[in-house]
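J.: what would the 3D arrangement of this be:
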Amino acid sequence: MPRSRAHTRERLLAAALDVFAEEGFGRSTVEQVCERAGYTRGAFYSNFTSLDELFLAMWEGRSAQMLRAIEDAVVAAESDGESDAVDLDVAAARVLSVIPVDDRWYRVTSEFTAHALRHPELRVAMAEREAAIQSVILPLVESALARAGRSVTDRSALGRALVAVHDGTTAQVLLEPDRTDVAAARTDLFLCVLRNYSEPNSPSENK
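T.: Have a look, this model is predicted:
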């Protein structure tokens with residue numbers, strides 16, 4: 001993709017996030033996005049066919065950025081200390097520290113999810129992208145668990161449980177941002193999921 005077109009695309013994506021967050025996805029228009037980005041409708045339609053496609057591209061970009069950060073956090077946790085073993089609590093805390101709890105992004109994704117539920121083709125697209133994200137995250141989680149002396153017992157259930165805990169606790173943290181106990185419970189719940197869907201490699205393993 002030529003540099004100028006890539007720059008236009010990035011500006012449209014950034015402008016769209018602002019517009020979606022302020023106006024709500026369902027009330028946003030192509031014209032509002034173009035006005036915020038400083039482009040014409042022609043520039044928009046040279047890059048995207050619709051606001052739906054733009055959102056999915058936005059989601060793909062943010063997901064890729066998050067996955068890189070998670071991979072770096074897992075590698076950092078595995079590099080700590082002199083032992084080959086990983087402390088599961090430390091690894092989980094590192095990973096959660098790089099997963100953003102973002103008010104604007106949560107609002108936009110929640111609204112788009114409701115929109116997608118009314119359109120079968122978007123519902124399928126979102127489910128496929130969720131599965132693609134899990135396919136990248138799960139090997140990282142399995143690697144960290146293996147270094148902590150544990151093996152996954154139900155891979156599919158673990159992936160779905162991690163997504164459910166992330167979505168649910170994100171809402172709780174955003175609703176009560178000053179509650180440190182709510183934020184702490186987020187980490188505890190992730191650890192519960194990791195332990196409940198894995199088992200020690202030996203009876204003496206307590207991590």
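
J.: tell me the centre residue of this protein?
T.: Note on the chain: the residue nearest the mean C-alpha position is Ser63, at 5.4 Å, using C-alpha atoms, centre = their mean.

J.: ok, which stretches of the chain are helices?
T.: 3-23, 30-37, 41-45, 51-79, 88-98, 103-116, 120-147, 155-175, 180-196 (DSSP state H).

J.: which residue ranges make up each domain of this structure?
T.: Following automatic domain parsing, the chain resolves into domains at 1-48, 50-200.

J.: mean pLDDT lowest where, among those?
T.: For those, mean pLDDT drops lowest on domain 50-200, to a mean of 89.

J.: end-to-end on it?
T.: End-to-end span of domain 50-200 (C-alpha to C-alpha, to the nearest Å): 49 Å.

J.: how far away from the center of its chain is that domain?
T.: Its chain's C-alpha centre and that of domain 50-200 lie 6 Å apart, by C-alpha atoms, centre = their mean, to the nearest Å.

J.: closest one to Ser202 among the helices of the chain?
T.: helix 120-147 (12.8 Å; C-beta to C-beta). No exception for glycine: its C-beta is placed from N, CA and C like everyone else's.

J.: from the contact counts, what lies against the closest one?
T.: Packed against helix 120-147 by the contact rule (3 or more C-beta pairs under 8 Å, 6 or more residues apart in numbering; DSSP states H and E) you find helix 51-79, helix 88-98, helix 103-116, strand 150-152, helix 155-175.

J.: Val136 is nearest to which of these?
T.: When those are ranked by proximity to Val136 (C-beta to C-beta), helix 51-79 comes first, at 5.1 Å.

J.: still on that earlier bit, JSON lines please, covering the helices and strands packed on helix 120-147 and showing distance to Glu35.
T.: Listed next are those as JSON lines, based on distance: least, C-beta to C-beta, whole Å:
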{"stretch": "helix 51-79", "distance to Glu35": "14"}
{"stretch": "helix 88-98", "distance to Glu35": "33"}
{"stretch": "helix 103-116", "distance to Glu35": "18"}
{"stretch": "strand 150-152", "distance to Glu35": "49"}
{"stretch": "helix 155-175", "distance to Glu35": "28"}
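
J.: which ones are touching the residue nearest to Ala183 when sequence neighbours are not counted?
T.: Spatial nearest neighbour of Ala183, excluding adjacent residues (C-beta to C-beta, 6 or more residues apart in numbering): Val173 at 5.6 Å. Val173 makes contacts with Val101, Arg179, Val182, Ala183, Arg186, as judged by C-beta atoms under 8 Å, 6 or more residues apart in numbering.

J.: what's the answer for Thr40, then?
T.: Contacts of Thr40 (C-beta under 8 Å, 6+ apart): Cys34.

J.: what about it, distance to Ser28?
T.: Separation of Thr40 from Ser28 (C-beta to C-beta, to the nearest Å): 17 Å.

J.: state the distance from Glu111 to Asp18.
T.: Counting by C-beta to C-beta - Glu111 and Asp18 are separated by 14 Å.

J.: about what we covered before: which of the contacts of Val173 sit farthest apart?
T.: Of all pairs in those, the most separated under C-beta to C-beta is Val101 and Arg179 at 12.5 Å.
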